[in-house]
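Novice: need a 3D model of the following:
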Amino acid sequence: MARPEEERYGDLLRHLASPSAGDAAELADALREVQHLHSMGHITDWQMQQAQEAYAATIRREPQLGPPKSPETRADEK
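Specialist: Residues are numbered from 1 along each chain as shown. Predicted structure coming up:
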């Protein structure tokens, strides 16, 4: 039986805010799933914003979980 969207959203939000594994792809997949729930009208704009903020806070706290940096950005950091 499929889980209700609110339950899936809650699990995804907790994962975005405090990932249990240090896997950038897994974290990005969680955000994409929240975006999908939002695009299907299953969660509100506010809930989508909360997920984006949780993801951003996690990336600030653990930059290695963010998207890969471009060669230009990496060169600027040297």
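Novice: alpha carbons only for contacts and neighbour counts from here, please
Specialist: Will do.
Novice: give me the neighbour count for residue 30.
Specialist: 21 (other Cα atoms under 10 Å).
Novice: mind listing what it touches?
Specialist: 12, 15, 16 (Cα atoms under 8 Å, 6 or more residues apart in numbering).
Novice: what does residue 31 give?
Specialist: Contacts of residue 31 (Cα under 8 Å, 6+ apart): 12, 16, 51, 52, 55.
Novice: in which helix or strand would I find it?
Specialist: helix 24-39 (DSSP states H and E).
Novice: can I get that helix in PDB, CA atoms only?
Specialist: The C-alpha trace of helix 24-39 is given here as PDB (Å, rounded to 0.1, in the frame of the first residue of the first chain):
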ATOM      1  CA  ALA A  24      25.000  14.000  -2.100                       C
ATOM      2  CA  ALA A  25      23.100  12.100  -4.700                       C
ATOM      3  CA  GLU A  26      20.700  10.700  -2.100                       C
ATOM      4  CA  LEU A  27      20.100  14.100  -0.700                       C
ATOM      5  CA  ALA A  28      19.400  15.600  -4.100                       C
ATOM      6  CA  ASP A  29      17.000  12.800  -4.900                       C
ATOM      7  CA  ALA A  30      15.100  13.600  -1.700                       C
ATOM      8  CA  LEU A  31      14.700  17.200  -2.800                       C
ATOM      9  CA  ARG A  32      13.600  16.100  -6.200                       C
ATOM     10  CA  GLU A  33      11.000  13.900  -4.700                       C
ATOM     11  CA  VAL A  34       9.700  16.800  -2.600                       C
ATOM     12  CA  GLN A  35       9.600  19.000  -5.800                       C
ATOM     13  CA  HIS A  36       7.600  16.200  -7.500                       C
ATOM     14  CA  LEU A  37       5.100  16.100  -4.700                       C
ATOM     15  CA  HIS A  38       4.800  19.900  -5.000                       C
ATOM     16  CA  SER A  39       4.300  19.800  -8.800                       C
END
